[in-house]
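Visitor: How does the following fold in three dimensions:
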Amino acid sequence: MTPKDIVSTQMYDKDAFSKWLGIELISVQHGDCEIKLTVRKEMLNGFGIAHGGITYSLADSAFAFATNSIGYQAVSVETSISHTAKVVEGDTLTAKSILISKTRKFAIYHVDITNQDEKRVASFKGTVYYTGKEWS
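Guide: Numbering: from 1, shown residues only. Take a look at the predicted model:
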């Protein structure tokens, strides 16, 4: 099974939350993933900017897809995010997740989130545990 098959058929097709967010798969490679979404009015907080949970959720989905694309089921152990610029309605956000380091059981990934102008709006770091169970 290819990395894209794992993510698209085993994960994304069953991921109601990512679909509700409007996430689109752009590319999936072994250990890397790129996805995007467009910020809608219902994603805004009381200040009229995107709720931090939107960028976090986008990054978390990219992280999950990238980690599992290696072929083994992975579960999140720890994550963090820094929001570096405001996000408004109509912005198109792209999340690119890349593998930083991996051992047999653990891996660290970094996700950059940029807007349509390629300005970084958030930076996410995550650690996963590989269960040893293969995707089939």
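
Visitor: Regarding the residue nearest to I49 when sequence neighbours are not counted, what is its secondary structure?
Guide: Closest residue to I49 apart from its sequence neighbours, by Cβ to Cβ, 6 or more residues apart in numbering: K86 at 4.7 Å. Quick note: C-beta positions are derived from backbone N, CA and C, even for glycine. Using DSSP: H, G, I helix; E, B strand; the rest coil, the structure places K86 in coil.

Visitor: and the next element down the chain from the lengthiest helix in the chain?
Guide: The longest helix of the chain (DSSP state H) is helix 52-68. Once the chain leaves helix 52-68, the next helix or strand it forms, by DSSP states H and E, is strand 72-83.

Visitor: helices and strands around the helix or strand just after that next one, which ones?
Guide: Note on strand 72-83: by DSSP H and E, the next helix or strand toward the C-terminus is strand 92-102. With contacts defined as 3 or more Cβ pairs under 8 Å, 6 or more residues apart in numbering; DSSP states H and E, the packing partners of strand 92-102 are strand 32-38, helix 52-68, strand 106-114.
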